[in-house]
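[1] Sequence and predicted structure below; questions after.
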Amino acid sequence: MEETKWDMQEVKRLKKKRLIHTNLIMLILFFLLVYYIQSGGSVLVLFGLCCVIMWMMIIQMLFTLKTGKTIGTKTSQLVQAFDRDHKGEKSWKRRRTAETIFLVTFNLFLTISLFIFNFEALDLRFSSTAFPFIGSWIGYNIGESYRINRL
């Protein structure tokens, strides 16, 4: 599909819909994080879960790079198809490859640190755990809103 065949208002609507979906997932994760902290959860288990989730994201990204097929909701698939058409196949693939390499490197560091460092000595506190989560959530929303408005 060529870039000119995309209705920009529809693409903006789809991107906003995907942003709302992402925010709902982040809200659920935030409440689960608060509950986990309040119930006295372990830092090691929390880091381990984050590591597993990130490996699943990496597998999905590698699948998309290898096959060209996207996994997700219909909205997500349409937005990814637009991004691929809008940026061009070569540029899109280069960017996705860079994102994948970054995530693999970061997650390897996180996975190795799970086995090297003593996380049991650390305490989970709301302020030290929730504020970075909230900050990244706000940053994600600002970035996505900016990209939607630039279309």
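    Ah, there it is.
[2] State the pLDDT value of the residue nearest to the spatial centre of the chain.
    For the chain, M57 is the residue whose C-alpha lies nearest the centre (Cα atoms, centre = their mean; 7.7 Å). Here the pLDDT value assigned to M57 is 92.
[3] Begin at 412, not 1, for the rest of this chat.
    Yep, numbering from 412; the last one is M468 now.
[4] Next one: it from S556, what distance?
    According to Cβ to Cβ, to the nearest Å, M468 and S556 sit 22 Å apart. To be clear about C-beta, it is placed using only N, CA and C from the backbone, and glycine gets the same treatment.
[5] Repeat that for L489.
    19 Å.
[6] what about these two, which has more around it?
    L489 (19 against 13; other Cβ atoms under 10 Å).
[7] so the more buried one is in which element?
    Using DSSP states H and E, L489 falls within helix 485-498.
[8] Can you give the distance of that helix from its chain's centre?
    In terms of Cα atoms, centre = their mean, to the nearest Å, the centre of helix 485-498 is set 16 Å apart from its chain centre.
[9] got it, and stretch 533-545?
    Its chain's C-alpha centre and that of stretch 533-545 lie 19 Å apart, by Cα atoms, centre = their mean.
[10] average model confidence for it?
    Mean per-residue pLDDT for stretch 533-545: 79.
[11] buried set for that stretch?
    For stretch 533-545, burial by neighbour count (16 or more other Cβ atoms under 10 Å) applies to 535, 540.
[12] Need the contact partners of it.
    Under the contact criterion Cβ atoms under 8 Å, 6 or more residues apart in numbering, stretch 533-545 has outside partners 440-441, 444-445, 447-448, 451-454, 457.
[13] so can I have TSV of those residues showing secondary structure and neighbour count?
    TSV is the format used below for those (DSSP: H, G, I helix; E, B strand; the rest coil; neighbours: other Cβ atoms under 10 Å):
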residue	secondary structure	neighbour count
L440	helix	13
F441	helix	14
L444	helix	17
V445	helix	14
Y447	helix	16
I448	helix	18
G451	coil	8
G452	coil	15
S453	coil	13
V454	helix	16
L457	helix	17
